[in-house]
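Sequence plus the predicted model coming up.
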Amino acid sequence: MANIASQKKRNRQNEKRRQRNVAVRSELKTRLKGARAAIAEGSDDAAAKVTQAQKRLAKAGSKGTIHKNQAARRTSRLMKAANKASS
C-alpha cells in the first residue's frame, strides 16, 4: 500500500477508471451480441441495433477504453456481416 498522498489518490482514480472501463466493455459485448443476433435472424430492428453498436464502438475507441484500431476492426466486421445478410 502506498504511503504517499499523491499515489493514494492515483490508486483511487485508477480503480474508478478500471471499473468504468469494465462496465463499458461489458456493454459493448452486449450490444455487439444483440446486433449479431438480430442480423442472423433477420429481424426488423437489426439496422437500429447495428447503429447502436457502431456508436458504442466509436465512443469506446475515441475514449481509449478499447484501441481505436480494435474499434474500427469490430465495426468493419459488424458492417460486413450486416451487408452480407441484407443482400
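Sure thing, it's come through. Numbering: from 1, shown residues only.

quick one: what helix or strand has Arg20 in it?
Using DSSP states H and E, the element containing Arg20 is helix 5-41.

need the next SSE after that helix, C-terminal direction.
helix 46-63.

residues in contact with that next one?
24-25, 27-28, 31-32, 34-35, 38-39, 66-68, 70-72, 74-75, 78-79, 82, 85 (CB atoms under 8 Å, 6 or more residues apart in numbering). Glycine gets a C-beta too; all of them are placed from N, C-alpha and C.

about what we covered before: of all the residues in the helix holding Arg20, which ones are buried?
Within helix 5-41, the residues that qualify as buried are 24, 28, 31-32, 34-36, 38-39, counting by 16 or more other CB atoms under 10 Å.

Of all pairs in these, which one is the farthest apart?
Greatest spatial distance among those (CB to CB): Val24 and Ile39, at 22.4 Å.

which stretches of this structure have low pLDDT?
Low-confidence segments of the chain, defined by pLDDT under 70: none present.

Distance of the most centrally placed residue in it relative to Gln7?
Nearest to the mean C-alpha position of the chain, by CA atoms, centre = their mean, lies Leu28 at 3.3 Å. Taking CB to CB, to the nearest Å as the measure, Leu28 falls 31 Å from Gln7.

again, but for Arg18
Distance of Arg18 to Gln7, given as CB to CB: 16 Å.

cool, and Ala85?
Per CB to CB, Ala85 is found 51 Å from Gln7.

Could you do Ile39 as well?
Taking CB to CB as the measure, Ile39 falls 47 Å from Gln7.

go on, Ala58?
Distance from Ala58 to Gln7, by CB to CB: 34 Å.
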